[in-house]
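Colleague: Okay, here's the prediction I keep looking at, along with the sequence it came from:
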Amino acid sequence: MVCLGMLAVIVGVMAFFTLINGELIGITFLLISAILGNLTGFAMVDYATPRYEVTITDMSRFDTDKYQIVEQRGKVFVVKEVRR
């Protein structure tokens, strides 16, 4: 995630300098930088969401509006908060 972010910054700087010099390859660098920046942002949002290991005894009382089940290991559920 950090490497993608640094790569996006480097490609963005390359795009800036190539556009200043009037080269059309700068547009390609700009698009690549935007794509890498968005991928980094999406990865950071998922990484920053805390995950909890819980046991759920009554599934009918589980709050699906607030939490999402990520995985299940036996009786232990890994849940994360739903961002809205």
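Modeller: Great, that's in hand. This is a predicted model, so every value here is computed, not measured.
Colleague: hey, let's count contacts and neighbours off CA atoms from now on
Modeller: OK.
Colleague: Run through who's touching the helix-or-strand element of the chain with minimal mean pLDDT.
Modeller: Across the helices and strands of the chain, mean pLDDT, DSSP states H and E gives its lowest value to helix 25-48, namely a mean of 72. Residues outside helix 25-48 that contact it (Cα atoms under 8 Å, 6 or more residues apart in numbering): 1-2, 4-5, 7-9, 11-12, 14-19.
Colleague: ok, of those, which come out buried?
Modeller: 4-5, 7-9, 11-12, 14-15, 18-19 (16 or more other Cα atoms under 10 Å).
Colleague: Make JSON lines from those residues and add secondary structure to it.
Modeller: Shown next, in JSON lines, are those (DSSP: H, G, I helix; E, B strand; the rest coil):
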{"residue": "4", "secondary structure": "helix"}
{"residue": "5", "secondary structure": "helix"}
{"residue": "7", "secondary structure": "helix"}
{"residue": "8", "secondary structure": "helix"}
{"residue": "9", "secondary structure": "helix"}
{"residue": "11", "secondary structure": "helix"}
{"residue": "12", "secondary structure": "helix"}
{"residue": "14", "secondary structure": "helix"}
{"residue": "15", "secondary structure": "helix"}
{"residue": "18", "secondary structure": "helix"}
{"residue": "19", "secondary structure": "helix"}
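Colleague: how about CSV for those, with distance to residue 74 added?
Modeller: Formatted as CSV, these follow (distance: Cα to Cα, whole Å):
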residue, distance to residue 74
4, 35
5, 37
7, 40
8, 40
9, 43
11, 45
12, 46
14, 50
15, 50
18, 55
19, 56
